[in-house]
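1. sharing a model prediction with you, sequence too.
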Amino acid sequence: MSTKKVAYVALAVVMVVNLLAAGVVSAAPPKQEEVTYTVKLGDTLWALAEKYLGGGAGYPAIVMATNAKHNEDETFAYIARPDLIHPGWKFVIPSAAEAEALLAKPRVITMTFFEEPDSLNTMYTDMWYAGLAIDIFNPGLWAWDDKLEPSLEMAAEFPTKENGLISEDGLTITIPINPKAKWSDGEPVTAGDFIFTYEMILDPGNIVQSTWPYADYLESVTAPDDHTLVVKFTEPFAPWATTIFNFVLPEHVLGPVFEAEGTIDDADWNRNPTVSNGAFIVKEWVAASHIILEANGNYWRGRPKLNQINILIVPDDEAQMAAIKTGDTDIGIFLSYADIPTIEELEDVDLVMVLSGYNETWFFNLNTDETAAKNGHVALQDVRVRQAIAYAVDFDAICQELLYGKTYPPATFWEETPYSYPDANLYKCDPAKAKSLLDEAGWVDSNGDGTRDKDGVELVLVYSTTAGREVREQTQVVAMQYLADVGIGIEIANNSYDTMWNSYGAGGPISTGNYDIAEWSTTGDFPDPNTPDWLCSEIPSDESPEGANWYGICDEELDALFQAQAVEVDPDKRLQLFHDIGKIMTEKVYWLGVWHDNDLWTINKHTGNVKISGADCFWNCWEWDVF
């Protein structure tokens, strides 16, 4: 372990200012001393706290005291789940004074990010880590829980045809707004805030990440009153539940900024959102150091159990692993399968794997003179070259050697879901086949330098990923050798996390075409299978800098299928459309899977109620706890 990195994390922990929490022990028996207690049938922690500490809310003191004693004497129980205790377990019931001291400690959870968010306004970011932070303070209408069911936030009811909130023709969805929902400054969250959000996404004065699906499928967003939102679509839109209003902007904060400047691109709120509608409020963001979020006393469910969430910004995944080992982080994020053997040896953490729709992917730059971004290598326009690349690299070996065989190369973009094309060609490693395809395409080594060429152009590809992600950099080294063996050269050009996924309008390296092969982990609108990223209309340009099709792919057949699935409400027909999409993407190698990338997390055992979702990861942060 690097002592430098351990010191870095420890320093970061010291820098974060913890808020004091009030104790909850009241009217405890005055002579109560610490006792050892053996659990009996029918006992609950709440009842034990009521009996011995004078109030059921003091039960965390029993958990903390017992778990601390377990570290000294393993005959005492370790309470991982306060709702699950068994007869015969041995507890420590602390004295009233000890319980008060334990409960007075700040209730704080710390997590580590080795990618620093590029913005805290969803309009301006497509970065996963930014989305994690936004989950904590700025929920939309609903979140998707750990069972991938909707958990209501700003909506008072989830629309269905059965409850009458979706019209018979599917074109109008009425969403009741939660009357309890408030912004942290006490102002109510209203339907007007959602209309304002809609207007900001579409206004040409704002250079946003994407206007999809609002510009493509919404006819209007109106509000007959403060607590009723009416969304009208131009045609039935299948993925509405995962794609519209997954965040909301405070009109009373940002409206004056827009009126004054004609844009909110440079609004302070984008980086310093001191007014929020979620369980926590952003208190402080110090670049390259930390983000501190405080409990929101105006949250509609009531004040969360935690006083504070600390996000430590660490240099890389190695620094995060050091923090996990030393206990300086409670939640480890975006872990590599290569970390699993090390994590399994740690006694104080649980390893959690969650289906999230993500797959580590190779994307090809297929931009041409007809698109605004920089062209990729001319060889990539030939499907035979892309197929040769797929055959040249042994992705099975990469999964075995770099990821300890804990995962595998995915067959399609929708791996492990019903939408995955069942007959997808996995392009098993076949160097002879790769060489044959390259020969057929006219790429041969005419000058004997070991690299193929054609018409004076060397077959050397620029391969980009995120700098500092060790397993990706190792993959680059291994893949470079596989490709060299068939005569393809590679130049490494990696990017920092805070710029890699910047939009075309913001000059992002991928969105502007400064790559030939790019690698990152991606998903669609999970748990819905939809993704707009392959639509011709999503190719960014100087006139329309928003758009997520950074690959320059405009395949008319593929485009038509993606558009068709978006408006197909028959589940079986939509499933077949995705199988047809998968067939094209596989055969034409528009997408190439490196490894199936279920989310891996570490959760320290002294935390409670942390239930990770594969869609909205921190959906229940309001009920997180520490013991």
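-> Structure received. Numbers count the residues shown, from 1 in each chain.

2. what are the boundaries of the strands in the stretch 201-350 of the chain?
-> Under the criterion DSSP state E, counting those that start in this stretch, the stretch 201-350 of the chain carries strands at the ranges 218-225, 228-233, 280-286, 290-295, 308-313, 331-332, 349-354.

3. which helices and strands sit right next to the third one?
-> It refers to strand 280-286. On a contact count with 3 or more C-beta pairs under 8 Å, 6 or more residues apart in numbering; DSSP states H and E, strand 280-286 meets helix 128-137, strand 290-295. In this view, the C-beta of every residue, glycine as well, is placed from N, C-alpha and C.

4. now the first one: average pLDDT?
-> If you average the pLDDT over helix 128-137, you get 96.

5. and what of the shortest one?
-> On average, the pLDDT along strand 290-295 is 97.

6. within the sheet, what are the partner strands of it, with directions?
-> Here strand 290-295 is paired, per DSSP bridges, with strand 280-286 (antiparallel), strand 308-313 (antiparallel).

7. quick one: contacts of the first one?
-> Meaning strand 280-286. Strand 280-286 is contacted by residues 15, 120, 136-137, 184, 271-276, 290-296, 304, 308-309, 621 when judged by C-beta atoms under 8 Å, 6 or more residues apart in numbering.

8. please apply the same query to stretch 387-407.
-> 336-338, 340-341, 362, 408-409, 427-431, 433-435, 437-438, 441, 471, 474-475, 478-479, 482-483, 485-486, 488, 517, 589, 592-598.

9. which residues touch A373?
-> N365, N367, Y504, S511, T512, G513, I539, P540, W550, G552.

10. Serialize those residues to a markdown table and add fields for secondary structure and distance to L45.
-> Below are the contacts of A373 laid out as a markdown table (DSSP: H, G, I helix; E, B strand; the rest coil; distance: C-beta to C-beta, whole Å):
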| residue | secondary structure | distance to L45 |
| --- | --- | --- |
| N365 | coil | 57 |
| N367 | coil | 60 |
| Y504 | coil | 54 |
| S511 | coil | 52 |
| T512 | coil | 56 |
| G513 | coil | 58 |
| I539 | coil | 57 |
| P540 | coil | 55 |
| W550 | coil | 51 |
| G552 | coil | 58 |
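
11. tally of neighbours for E219?
-> 12 (other C-beta atoms under 10 Å).

12. give me the distance between it and I333.
-> 39 Å (C-beta to C-beta, to the nearest Å).

13. and D555, by the same measure?
-> 35 Å.

14. who has more neighbours, these two?
-> A count of neighbours by other C-beta under 10 Å puts I333 above the other of D555 and I333, at 23 against 16.

15. that one is in contact with T112, isn't it?
-> Yes - judged on C-beta atoms under 8 Å, I333 makes contact with T112 at a distance of 6.4 Å.

16. what touches both of these two?
-> Joint contacts of I333 and T112 (C-beta under 8 Å, 6+ apart) are Q320.

17. circling back: and of the contacts of A373, the nearest to D146?
-> Lowest distance from D146 to the contacts of A373 (C-beta to C-beta) belongs to W550, with 31.0 Å.

18. show me what contacts the nearest residue to the closest one once chain neighbours are set aside?
-> Using C-beta to C-beta, 6 or more residues apart in numbering and skipping residues adjacent in sequence, the residue nearest W550 is S511, 4.6 Å away. When contacts are counted by C-beta under 8 Å, 6+ apart, S511 touches A373, W501, N502, S503, Y504, P540, W550.

19. how close does S511 get to E556?
-> From S511 to E556 the distance is 23 Å (C-beta to C-beta).

20. can you show me the CA trace of stretch 567-585 as CSV?
-> Below are the C-alpha coordinates for stretch 567-585, written out as CSV (Å, rounded to 0.1, in the frame of the first residue of the first chain):
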residue,chain,number,x,y,z
VAL,A,567,-42.8,4.7,-29.6
GLU,A,568,-43.6,0.9,-29.5
VAL,A,569,-45.8,0.3,-26.4
ASP,A,570,-46.3,-3.4,-27.1
PRO,A,571,-43.7,-5.2,-25.0
ASP,A,572,-43.2,-8.2,-27.3
LYS,A,573,-42.9,-6.1,-30.4
ARG,A,574,-40.4,-3.7,-28.6
LEU,A,575,-38.4,-6.7,-27.5
GLN,A,576,-38.1,-7.9,-31.1
LEU,A,577,-37.0,-4.4,-32.3
PHE,A,578,-34.2,-4.5,-29.8
HIS,A,579,-33.1,-7.9,-31.1
ASP,A,580,-33.1,-6.5,-34.6
ILE,A,581,-31.0,-3.5,-33.3
GLY,A,582,-28.6,-5.9,-31.6
LYS,A,583,-28.1,-7.9,-34.8
ILE,A,584,-27.1,-4.8,-36.8
MET,A,585,-24.8,-3.4,-34.1
